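In: return a 3D structure for these sequence lines:
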Amino acid sequence: MLSPAASPFLRHIERCNNVTLPAGRLPLLHRNDRIGLIDPACLDWLTNPAMAGLVNVTNEAIILPEGQNLREISSLLVQQGHCVPFREWFDVRSPEGDIIGQIDRALIPIFGVEASGVHMNGLVKKESGLHLWVARRSPHKRLDPGKLDHLVAGGMSSGLTPDETLAKEAEEEAAIPATLIQQAHHASTLHYAMTRPEGLRRDRLYCYDLVLPDSFVPRANDGEVESFRLTPIDEVFERVRDSDDFKFNVNLVLTDLFLRLGMFDKQDALVLADILHAKG
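Out: Below you'll find the predicted structure:
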(Lines give C-alpha, C1' and ligand atoms only; values in the text may rest on other atoms or scores of the structure.)
Protein backbone atom coordinates (compact mmCIF):
# COMPACT_ATOMS: atom_id res chain seq x y z
CA MET A 1 0.00 0.00 0.00
CA LEU A 2 1.39 3.36 -1.02
CA SER A 3 1.21 6.35 1.29
CA PRO A 4 -0.75 9.44 0.17
CA ALA A 5 2.62 11.13 -0.50
CA ALA A 6 3.64 8.51 -3.08
CA SER A 7 0.33 7.34 -4.54
CA PRO A 8 0.10 10.18 -7.13
CA PHE A 9 3.10 8.67 -8.93
CA LEU A 10 1.18 5.46 -9.50
CA ARG A 11 -1.15 7.14 -12.01
CA HIS A 12 1.75 7.69 -14.40
CA ILE A 13 2.70 4.00 -14.29
CA GLU A 14 -0.91 2.94 -14.78
CA ARG A 15 -1.36 5.39 -17.64
CA CYS A 16 1.59 3.84 -19.48
CA ASN A 17 0.24 0.34 -18.86
CA ASN A 18 -3.41 0.90 -19.73
CA VAL A 19 -3.93 -2.19 -21.90
CA THR A 20 -4.04 -5.95 -21.36
CA LEU A 21 -2.61 -7.64 -24.43
CA PRO A 22 -3.60 -8.82 -26.97
CA ALA A 23 -6.49 -6.36 -26.50
CA GLY A 24 -8.47 -7.75 -29.43
CA ARG A 25 -5.56 -7.40 -31.85
CA LEU A 26 -4.35 -10.12 -34.17
CA PRO A 27 -0.77 -11.38 -33.79
CA LEU A 28 1.76 -10.49 -36.45
CA LEU A 29 3.85 -13.65 -36.82
CA HIS A 30 7.26 -14.28 -38.32
CA ARG A 31 8.42 -17.90 -38.22
CA ASN A 32 5.88 -18.61 -35.47
CA ASP A 33 7.21 -15.75 -33.32
CA ARG A 34 4.83 -12.94 -32.40
CA ILE A 35 6.52 -9.72 -33.39
CA GLY A 36 3.50 -7.40 -33.34
CA LEU A 37 -0.22 -6.98 -32.69
CA ILE A 38 -2.42 -5.52 -35.42
CA ASP A 39 -5.80 -3.82 -35.06
CA PRO A 40 -8.45 -5.78 -37.02
CA ALA A 41 -9.59 -2.44 -38.47
CA CYS A 42 -6.38 -2.45 -40.52
CA LEU A 43 -6.97 -5.84 -42.16
CA ASP A 44 -8.38 -4.25 -45.31
CA TRP A 45 -5.02 -2.56 -45.82
CA LEU A 46 -3.19 -5.88 -45.71
CA THR A 47 -5.65 -7.80 -47.92
CA ASN A 48 -5.29 -5.23 -50.70
CA PRO A 49 -4.09 -6.94 -53.91
CA ALA A 50 -0.93 -4.80 -53.77
CA MET A 51 0.09 -6.77 -50.66
CA ALA A 52 -0.08 -10.15 -52.41
CA GLY A 53 2.95 -12.22 -51.49
CA LEU A 54 4.15 -9.72 -48.89
CA VAL A 55 1.86 -10.78 -46.05
CA ASN A 56 -0.68 -13.55 -45.48
CA VAL A 57 -3.88 -12.82 -43.57
CA THR A 58 -5.89 -15.53 -41.79
CA ASN A 59 -8.69 -15.40 -39.24
CA GLU A 60 -6.22 -16.01 -36.42
CA ALA A 61 -3.09 -14.12 -37.44
CA ILE A 62 -1.17 -12.03 -39.94
CA ILE A 63 1.85 -13.94 -41.19
CA LEU A 64 4.99 -12.23 -42.46
CA PRO A 65 6.85 -14.70 -44.74
CA GLU A 66 10.01 -12.61 -44.98
CA GLY A 67 11.21 -9.86 -42.66
CA GLN A 68 12.53 -7.85 -45.60
CA ASN A 69 8.92 -7.41 -46.77
CA LEU A 70 8.32 -4.89 -43.97
CA ARG A 71 10.03 -2.10 -45.92
CA GLU A 72 7.86 -2.66 -48.99
CA ILE A 73 4.72 -2.95 -46.87
CA SER A 74 5.61 0.33 -45.17
CA SER A 75 6.15 2.09 -48.49
CA LEU A 76 2.88 0.77 -49.94
CA LEU A 77 0.83 1.87 -46.91
CA VAL A 78 2.36 5.33 -47.15
CA GLN A 79 1.61 5.51 -50.88
CA GLN A 80 -1.98 4.45 -50.21
CA GLY A 81 -2.38 7.27 -47.67
CA HIS A 82 -2.90 5.07 -44.63
CA CYS A 83 -0.25 6.87 -42.56
CA VAL A 84 1.95 9.96 -42.61
CA PRO A 85 5.54 8.68 -42.70
CA PHE A 86 8.32 9.76 -40.41
CA ARG A 87 10.78 8.60 -43.10
CA GLU A 88 12.80 7.06 -40.29
CA TRP A 89 13.37 3.32 -40.23
CA PHE A 90 13.24 1.30 -37.01
CA ASP A 91 14.42 -2.28 -36.58
CA VAL A 92 11.82 -4.95 -35.87
CA ARG A 93 13.23 -7.75 -33.74
CA SER A 94 12.35 -11.31 -32.81
CA PRO A 95 11.63 -12.15 -29.15
CA GLU A 96 15.30 -13.23 -28.95
CA GLY A 97 16.46 -9.80 -30.16
CA ASP A 98 17.45 -10.73 -33.71
CA ILE A 99 16.72 -8.10 -36.36
CA ILE A 100 13.96 -9.28 -38.72
CA GLY A 101 13.52 -6.18 -40.86
CA GLN A 102 12.76 -2.46 -40.81
CA ILE A 103 9.54 -0.49 -40.56
CA ASP A 104 8.70 3.20 -40.92
CA ARG A 105 8.39 4.72 -37.45
CA ALA A 106 4.81 5.82 -38.20
CA LEU A 107 3.69 2.20 -38.50
CA ILE A 108 5.13 1.01 -35.19
CA PRO A 109 1.95 1.72 -33.16
CA ILE A 110 -0.27 0.53 -36.01
CA PHE A 111 1.52 -2.83 -36.20
CA GLY A 112 2.07 -2.96 -32.43
CA VAL A 113 5.74 -3.89 -32.71
CA GLU A 114 8.14 -3.14 -29.88
CA ALA A 115 10.19 0.03 -30.24
CA SER A 116 13.26 1.09 -28.31
CA GLY A 117 14.37 4.53 -27.20
CA VAL A 118 16.78 6.32 -24.90
CA HIS A 119 16.12 8.86 -22.13
CA MET A 120 18.84 10.68 -20.25
CA ASN A 121 18.67 12.52 -16.94
CA GLY A 122 21.01 15.50 -17.26
CA LEU A 123 22.00 16.22 -13.67
CA VAL A 124 23.97 19.09 -12.16
CA LYS A 125 25.32 19.13 -8.61
CA LYS A 126 25.19 22.65 -7.18
CA GLU A 127 25.87 23.97 -3.69
CA SER A 128 22.14 24.48 -3.30
CA GLY A 129 21.44 20.84 -4.19
CA LEU A 130 20.88 18.54 -7.15
CA HIS A 131 19.33 20.02 -10.30
CA LEU A 132 17.95 18.50 -13.51
CA TRP A 133 17.96 19.97 -17.00
CA VAL A 134 14.35 19.99 -18.26
CA ALA A 135 13.51 20.51 -21.92
CA ARG A 136 10.25 21.82 -23.34
CA ARG A 137 9.23 20.12 -26.56
CA SER A 138 8.64 22.24 -29.63
CA PRO A 139 4.99 23.17 -30.23
CA HIS A 140 5.47 21.75 -33.73
CA LYS A 141 6.27 18.18 -32.60
CA ARG A 142 3.89 15.57 -33.99
CA LEU A 143 3.62 13.79 -30.63
CA ASP A 144 3.04 15.62 -27.34
CA PRO A 145 3.91 19.15 -28.51
CA GLY A 146 4.85 21.59 -25.78
CA LYS A 147 5.23 18.94 -23.08
CA LEU A 148 8.21 18.89 -20.72
CA ASP A 149 10.87 16.35 -21.58
CA HIS A 150 14.32 15.07 -20.76
CA LEU A 151 17.48 16.90 -21.79
CA VAL A 152 18.07 14.05 -24.26
CA ALA A 153 15.53 11.50 -25.48
CA GLY A 154 14.77 9.78 -28.75
CA GLY A 155 13.85 6.63 -30.60
CA MET A 156 16.47 4.07 -31.61
CA SER A 157 16.73 4.18 -35.40
CA SER A 158 17.69 1.17 -37.47
CA GLY A 159 21.28 0.01 -37.10
CA LEU A 160 22.04 1.94 -33.90
CA THR A 161 22.78 0.67 -30.40
CA PRO A 162 21.40 2.47 -27.32
CA ASP A 163 24.78 4.13 -26.70
CA GLU A 164 25.01 5.28 -30.33
CA THR A 165 21.46 6.58 -30.21
CA LEU A 166 22.24 8.52 -27.04
CA ALA A 167 25.32 10.13 -28.61
CA LYS A 168 23.36 11.05 -31.75
CA GLU A 169 20.40 12.54 -29.87
CA ALA A 170 22.68 14.35 -27.39
CA GLU A 171 24.47 16.18 -30.18
CA GLU A 172 21.29 16.93 -32.13
CA GLU A 173 19.00 17.94 -29.27
CA ALA A 174 21.31 19.62 -26.76
CA ALA A 175 24.76 20.10 -28.41
CA ILE A 176 26.42 17.81 -25.86
CA PRO A 177 29.92 16.91 -27.12
CA ALA A 178 30.95 13.28 -27.56
CA THR A 179 33.62 13.53 -24.85
CA LEU A 180 30.95 14.48 -22.33
CA ILE A 181 28.19 12.08 -23.39
CA GLN A 182 30.64 9.18 -23.03
CA GLN A 183 30.44 9.74 -19.27
CA ALA A 184 26.72 8.87 -19.21
CA HIS A 185 25.91 5.49 -17.70
CA HIS A 186 23.02 3.14 -18.33
CA ALA A 187 21.03 3.13 -15.10
CA SER A 188 17.88 1.16 -15.91
CA THR A 189 15.65 -0.33 -18.61
CA LEU A 190 11.88 0.14 -18.47
CA HIS A 191 9.06 -1.49 -20.45
CA TYR A 192 5.41 -0.59 -20.92
CA ALA A 193 2.44 -1.25 -23.18
CA MET A 194 -0.24 1.37 -23.71
CA THR A 195 -2.88 2.50 -26.14
CA ARG A 196 -2.63 6.04 -27.46
CA PRO A 197 -4.41 7.90 -30.26
CA GLU A 198 -1.71 6.72 -32.68
CA GLY A 199 -2.20 3.06 -31.70
CA LEU A 200 -0.47 0.49 -29.49
CA ARG A 201 2.86 1.45 -27.97
CA ARG A 202 5.08 -1.36 -26.72
CA ASP A 203 8.22 0.46 -25.70
CA ARG A 204 11.59 -0.40 -24.22
CA LEU A 205 13.35 2.60 -22.67
CA TYR A 206 17.08 2.62 -21.99
CA CYS A 207 17.53 5.11 -19.15
CA TYR A 208 20.82 6.94 -18.62
CA ASP A 209 22.19 9.34 -16.02
CA LEU A 210 24.83 11.96 -16.73
CA VAL A 211 26.26 14.42 -14.21
CA LEU A 212 27.08 17.58 -16.15
CA PRO A 213 29.45 20.37 -15.16
CA ASP A 214 27.83 23.49 -13.76
CA SER A 215 29.33 25.44 -16.67
CA PHE A 216 27.51 23.40 -19.34
CA VAL A 217 24.51 25.06 -21.02
CA PRO A 218 22.55 22.99 -23.56
CA ARG A 219 21.75 24.41 -26.97
CA ALA A 220 19.00 23.07 -29.25
CA ASN A 221 20.39 22.01 -32.61
CA ASP A 222 17.49 20.39 -34.45
CA GLY A 223 14.40 22.47 -33.62
CA GLU A 224 12.74 19.70 -31.60
CA VAL A 225 13.22 21.56 -28.30
CA GLU A 226 11.79 24.99 -27.59
CA SER A 227 13.83 25.72 -24.45
CA PHE A 228 15.84 24.26 -21.56
CA ARG A 229 15.60 25.04 -17.85
CA LEU A 230 17.88 23.91 -15.03
CA THR A 231 15.43 22.91 -12.30
CA PRO A 232 15.93 21.86 -8.65
CA ILE A 233 15.23 18.14 -8.34
CA ASP A 234 12.68 18.76 -5.57
CA GLU A 235 10.70 20.98 -7.94
CA VAL A 236 10.80 18.27 -10.62
CA PHE A 237 9.58 15.74 -8.04
CA GLU A 238 6.64 17.96 -7.10
CA ARG A 239 5.75 18.63 -10.73
CA VAL A 240 5.66 14.91 -11.58
CA ARG A 241 3.62 14.27 -8.44
CA ASP A 242 1.11 17.06 -8.95
CA SER A 243 0.75 17.47 -12.74
CA ASP A 244 0.86 15.86 -16.16
CA ASP A 245 3.19 18.51 -17.56
CA PHE A 246 5.85 16.00 -18.61
CA LYS A 247 5.52 13.79 -21.69
CA PHE A 248 3.81 10.58 -20.59
CA ASN A 249 6.81 8.22 -20.57
CA VAL A 250 9.20 10.80 -19.10
CA ASN A 251 7.26 10.45 -15.84
CA LEU A 252 8.30 6.78 -15.66
CA VAL A 253 11.99 7.55 -16.15
CA LEU A 254 11.86 10.36 -13.60
CA THR A 255 10.08 8.17 -11.04
CA ASP A 256 12.85 5.62 -11.55
CA LEU A 257 15.41 8.39 -10.95
CA PHE A 258 13.63 9.52 -7.77
CA LEU A 259 13.80 5.94 -6.52
CA ARG A 260 17.56 5.80 -7.11
CA LEU A 261 17.98 9.12 -5.33
CA GLY A 262 16.10 7.87 -2.25
CA MET A 263 13.33 10.48 -2.53
CA PHE A 264 10.60 8.11 -1.28
CA ASP A 265 10.36 6.52 2.14
CA LYS A 266 11.48 2.90 2.29
CA GLN A 267 8.09 1.19 2.09
CA ASP A 268 6.84 3.43 -0.74
CA ALA A 269 10.09 2.86 -2.62
CA LEU A 270 9.71 -0.93 -2.43
CA VAL A 271 6.14 -0.83 -3.70
CA LEU A 272 6.77 1.68 -6.50
CA ALA A 273 9.92 -0.09 -7.70
CA ASP A 274 8.09 -3.41 -7.85
CA ILE A 275 5.22 -1.95 -9.89
CA LEU A 276 7.42 0.16 -12.16
CA HIS A 277 9.75 -2.68 -13.11
CA ALA A 278 7.08 -5.36 -13.32
CA LYS A 279 5.06 -3.62 -16.01
CA GLY A 280 5.36 -4.00 -19.76
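
In: low pLDDT regions in this structure?
Out: Filtered on pLDDT under 70, the chain yields the residue ranges 279-280.

In: so what are the domain limits for it?
Out: Here the chain is described, according to automatic domain parsing, as comprising the domains 7-18+115-278, 26-111.

In: contacts for stretch 210-226?
Out: Counting by C-beta atoms under 8 Å, 6 or more residues apart in numbering, stretch 210-226 makes contact with 120-126, 133, 135-141, 146, 149, 151, 171-176, 180-181, 183-185, 227-228, all of which sit outside it. In this view, the C-beta of every residue, glycine as well, is placed from N, C-alpha and C.

In: ditto for stretch 237-253
Out: The contact list for stretch 237-253, computed with C-beta under 8 Å, 6+ apart, reads 8-9, 12-13, 15-16, 119, 121, 137, 144, 147-150, 153, 188, 190, 192, 194, 196, 203, 205, 207, 254-255, 258, 263, 276.

In: now list the buried members of these.
Out: 9, 12-13, 15-16, 119, 121, 137, 147-150, 153, 188, 190, 192, 194, 203, 205, 207, 254-255, 258, 263, 276 (16 or more other C-beta atoms under 10 Å).

In: show me the contacts for the closest residue to N48 other than its chain neighbours.
Out: Distances taken as C-beta to C-beta, 6 or more residues apart in numbering put Q80 closest to N48, at 7.2 Å, once the chain neighbours are dropped. Q80 makes contact with W45, N48, A50, according to C-beta under 8 Å, 6+ apart.

In: count the neighbours of the closest residue in space to M156 that isn't next to it in sequence for me.
Out: What sits nearest to M156 in space, not counting adjacent residues and going by C-beta to C-beta, 6+ apart, is S116, at 4.2 Å. Burial of S116, expressed as a neighbour count using other C-beta atoms under 10 Å, amounts to 19.

In: quick check: bridge partners of S116?
Out: Here S116 shows beta-bridge partners R204, assigned using DSSP bridges.

In: so it touches E164, yeah?
Out: No. Look at S116 against E164 with C-beta atoms under 8 Å: they stay out of range, at 11.8 Å.

In: residue boundaries of the helices in the stretch 1-150 of the chain?
Out: Along the stretch 1-150 of the chain, the segments classed as helices by DSSP state H, counting those that start in this stretch run 7-15, 43-46, 69-79, 108-111.

In: show me what the third one packs onto, helices and strands only.
Out: Right, helix 69-79. For helix 69-79, the packing partners by 3 or more C-beta pairs under 8 Å, 6 or more residues apart in numbering; DSSP states H and E come out as strand 99-104.

In: just checking, what packs against the strand it packs on?
Out: Counting by 3+ C-beta pairs under 8 Å, 6+ apart, the packing neighbours recorded for strand 99-104 are helix 69-79, strand 89-93.

In: so which of those is the most surrounded?
Out: Ranked by mean neighbour count under mean count of other C-beta atoms under 10 Å, the helices and strands packed on strand 99-104 are led by strand 89-93, which reaches a mean of 22.

In: parallel or antiparallel, list what pairs with it.
Out: Using DSSP bridges, the strands paired with strand 89-93 are strand 99-104 (antiparallel).
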